[in-house]
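Visitor: Here is the input, now give the coordinates:
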Amino acid sequence: MLQSIITQFLSGFSVVAILVIAALGLAIIFGVAGVINMAHGELIMVGAYTAAVVGKLGGNTFLAIPVAFIVVGLLGLIIERGVIQWIYDRPLETLLATWGVGIILQVVIKLIFGPELYYVGAPKILEGGFRVIGRLPFPWYRLFLIVMALLLLLLVFYVIFKTDFGLKVRAVRRNRAISGCLGIDTARIDMTIFAFGSGLAGIAGAVLAPIKSVSTAMGFPYAVDSYMVLVLGGVGSLWGVLTGGALIGEAETILSFIFNNVIGRLLVFLFIVIIIRIVPRGIFGYSERR
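Guide: As a prediction, the model looks like this:
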């Protein structure tokens, strides 16, 4: 029994990676711009369809990643310029607007690609797997997801903490009004962050496509999981994204093995409720100064 639990714990690393990859773009947008982006799942879906198109044209996941980042990033820029920029100070309206945008994206994608499912194969170099404990097979692609999650975390960390742009982002995150008084173009920061976060959602869709049938409804579960990660870890914290993804991913994997998927997920929800009752802003949340 102990060996089986250890095996599930190791398998859970790939689930953690999936949660981190899916939540990272949402964390950037929600944490900095304060937008409750209900279209996050649809942006992931567009990234997955982009990967499907790249695959049809003879490319693979490695090529689909930058293409999806650019395509979905540009889509996020259009959404921000066309809708969001007018309602940043009205959170309820941003929620309704992005929800409407998500519905529009689903309809447009269905009109273009039809209702059928699309399947994206993993690159040949990542086919198969290796064994970690006993006879447990661990797919190479799952290892790739773990590496990808770490690389994306490092990329975002570098952008936010090691660049002049990141310094401005952190200033706006802490105190938007004072940042504007000091000459920081907060509107441009919001626009760039929304496009960047959307591009990260596109990457999530591209790397998740080989392990999930590509359809117009595929993004919703990842959007729900992303919000769970943010609520548990704390909005606006990269450590919160990693910690929230790790706790939820490992807990769900192990509890689903001990009980079943439904009970495992129910216990994870209960765990999240208890944590946010103790720390309402999340594990790494902090109070903002206005």
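Visitor: Helices of the stretch 1-150 of the chain, residue ranges please.
Guide: 2-28, 40-56, 61-82, 91-113, 140-161 (DSSP state H, counting those that start in this stretch).
Visitor: Between helix 2-28 and the second one, find me the angle.
Guide: Angle, helix 40-56 to helix 2-28, by axes from the mean of the first three to the mean of the last three C-alpha atoms, to 10 degrees: 100 degrees.
Visitor: average pLDDT across helix 40-56?
Guide: Averaged across helix 40-56, pLDDT comes to 96.
Visitor: So which bits of that helix are buried?
Guide: For helix 40-56, a neighbour-count test (16 or more other C-beta atoms under 10 Å) marks 40-55 as buried. C-betas here are computed from N, CA, C, even on glycine.
Visitor: and Y119, backbone torsions?
Guide: phi -120, psi 130 (degrees, to the nearest 10).
Visitor: let me redo that: M218
Guide: Dihedral angles of M218 (phi, psi; degrees, to the nearest 10) stand at phi -70, psi -20.
Visitor: what's the neighbour count on it?
Guide: M218: 21 surrounding residues under other C-beta atoms under 10 Å.
Visitor: just the one 5 residues further on next, same as before
Guide: Residues contacting A223 under the criterion other C-beta under 10 Å number 23.
Visitor: What distance do you get for it to F113?
Guide: Separation of A223 from F113 (C-beta to C-beta, to the nearest Å): 20 Å.
Visitor: ditto for R131
Guide: Distance of R131 to F113, given as C-beta to C-beta: 38 Å.
Visitor: same thing with V229?
Guide: Distance from V229 to F113, by C-beta to C-beta: 29 Å.
Visitor: The two - which one has more neighbours?
Guide: Taking V229 and F113 together and counting by other C-beta under 10 Å, V229 has the greater number of neighbours (30 against 16).
Visitor: so what's the more buried one up against?
Guide: Neighbour list for V229: L19, V20, A22, A23, A27, G240, V241, G244, G245, I248 [criterion: C-beta atoms under 8 Å, 6 or more residues apart in numbering].
Visitor: Of these, just say which sits nearest to V172.
Guide: In terms of C-beta to C-beta, no member of those lies closer to V172 than A27, at 15.2 Å.
Visitor: pLDDT score for the closest one?
Guide: With respect to pLDDT, A27 scores 91.
Visitor: Ignoring the adjacent residues along the chain, who's closest to it?
Guide: Once flanking residues are discounted, A27 sits nearest to V241: 4.9 Å by C-beta to C-beta, 6 or more residues apart in numbering.
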